[in-house]
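Asks: Here is a sequence together with a model predicted from it:
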Amino acid sequence: MKRPLIILTGPTAVGKTSLSIGLAKALGGEIVSADSMQVYRGMDIGTAKITKEQMQGIPHYLIDEMEPSEEFNVAVFQKRCKEAMETIYRRGKIPILVGGTGFYIQSVLYDINFCETEADSAYRDSLSAYAQKEGKAALHQKLRQADAASADRIHPNNVKKVIRALEYYHQTGQKISEHNERQRKKEAEYRFRYYVLSLPREVLYERIDRRVDQMREDGLTAEVQALLDSGCTRSMVSMQGLGYKEIIDALEGRDTLDHAFEKIKIETRHFAKRQFTWFRRERDVTWLHKEEFPDEDALLEYCISDCRKMLEE
RNA sequence: GGCGACUUAGCCAAGUGGUAAGGCACGGGACUGCAACUCCCUGAUCAUCGGUUCAAAUCCGGUAGUCGCCU
């Protein structure tokens, strides 16, 4: 019998955290964070990380498990997430995957295969240098020779993705387009519910604006300064998080703080929009339109009973 | 009340006679090891009325609005 899995996601600032705790309590669940930034220690305000008090005793995994200097990515996430889920099953609990990184959720739900090879930064750098010298089109042409299907799919300007496709070919001798095709057909090996929490765009955007204002009041600037003081640099993956790169620019004199915070608002809205695009095309999702419920309790009740149905299957 | 300047898409903004650059926002989309990343697509007849001209956002005049200076 397939094991149960509950997924709760949605755009940033939609209110996943509070719902997740209610669900975990009612169903005997433990939470695994599916968030690419909340794993990092010391990045609390900018990632709107759940606090100890908010957790209300519910165990959380993949939060504060890495240093900002370490590199976290889908492959690492997938591995650690599966480990956490094993622990949870062993304890007789139900894993609840909560977070807004759709790609990460997909990697676990459909068990996408990321081959053993490590990222080859030397090769990546050489390709990147090649693109600098010869141009993006030339790099794309290189990909066309190796993997025409990928070249058709990936826009020449999307250098980062072109490089990854080339790297895959370089390391495995196979075409990433074919690999992707195979992965795409996979079925979930869990009994699951995949909830996407949503709000009308205008409401969400207002919440985002307010949240960013709150981050400023709560001391995001000091948090970023502390990270810089401890040796973090803009080039770290962790420092590319929303809110971090902008404040770094301001602290290092390339921007004003006021403008940086405005920029964070706009970019967070863009991010939310991208998340909607992602979830809209994900199959097997259950949309939860918050505005269709009289209040949070009603929403929670609905989720609980819907999950129970799934658990009894 | 007088004089002057301005009026181009939601915002900023090129264009001064030959048939509307660009940027931002908004909206849509892609995404299989950096994903809070990276990338793609998308909008106007130029305040308004009339005139000159083969041809006007571009020249002339009226009207309206905005801003500045003066009384």
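Replies: Looks like it came in fine.

Asks: so A:R269 makes contact with A:E202?
Replies: No - contact criterion CB atoms under 8 Å: A:R269 and A:E202 do not qualify, at 10.8 Å. The C-beta positions use only the backbone N, C-alpha and C, and glycine is treated the same way.

Asks: now the stretch 51-200 of chain A, which segments are flagged as low pLDDT?
Replies: Applying pLDDT under 70 to the stretch 51-200 of chain A picks out residues A:116.

Asks: And the strands in it?
Replies: Counting by DSSP state E, counting those that start in this stretch, the segments of the stretch 51-200 of chain A that form strands are A:60-61, A:94-98, A:190-198.

Asks: which of the ones you listed sits most buried?
Replies: The highest mean neighbour count among the strands of the stretch 51-200 of chain A, using mean count of other CB atoms under 10 Å, belongs to strand A:94-98: a mean of 26.

Asks: now what about it, what contacts it?
Replies: A:4-9, A:16-17, A:20, A:23-24, A:27-35, A:81, A:84-85, A:88-89, A:105, A:108, A:311 (CB atoms under 8 Å, 6 or more residues apart in numbering).

Asks: of those residues, buried ones?
Replies: Buried subset of the contacts of strand A:94-98 (neighbour count, 16 or more other CB atoms under 10 Å): A:4-9, A:16-17, A:20, A:23-24, A:27, A:29-35, A:81, A:84-85, A:88, A:105, A:108.

Asks: sorry, back to before: between A:R269 and A:E202, point out the one with more neighbours.
Replies: More crowded of A:R269 and A:E202, by other CB atoms under 10 Å: A:R269, with 19 against 8.

Asks: what separates the helix or strand hosting that one from the chain centre, distance-wise?
Replies: Following DSSP states H and E, one finds A:R269 within helix A:257-281. For helix A:257-281, the gap between its own C-alpha mean and the chain's C-alpha mean amounts to 13 Å (CA atoms, centre = their mean, to the nearest Å).

Asks: which secondary structure elements does that helix contact?
Replies: Here helix A:257-281 touches helix A:102-109, helix A:201-218, helix A:244-251, going by 3 or more CB pairs under 8 Å, 6 or more residues apart in numbering; DSSP states H and E.

Asks: got the angle for that helix vs helix A:244-251?
Replies: For helix A:257-281 against helix A:244-251, the angle by axes from the mean of the first three to the mean of the last three CA atoms, to 10 degrees is 170 degrees.

Asks: circling back to that earlier point, okay if I get the strands of the stretch 51-200 of chain A as JSON lines plus distance to RNA strand B?
Replies: Putting the strands of the stretch 51-200 of chain A into JSON lines (distance: least, CB to the nearest atom of the strand, whole Å) gives the following:
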{"stretch": "strand A:60-61", "distance to RNA strand B": "14"}
{"stretch": "strand A:94-98", "distance to RNA strand B": "12"}
{"stretch": "strand A:190-198", "distance to RNA strand B": "11"}
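
Asks: Pipe the ones you listed into TSV and attach distance to A:E262 per row.
Replies: Putting these into TSV (distance: least, CB to CB, whole Å) gives the following:
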stretch	distance to A:E262
strand A:60-61	32
strand A:94-98	29
strand A:190-198	25
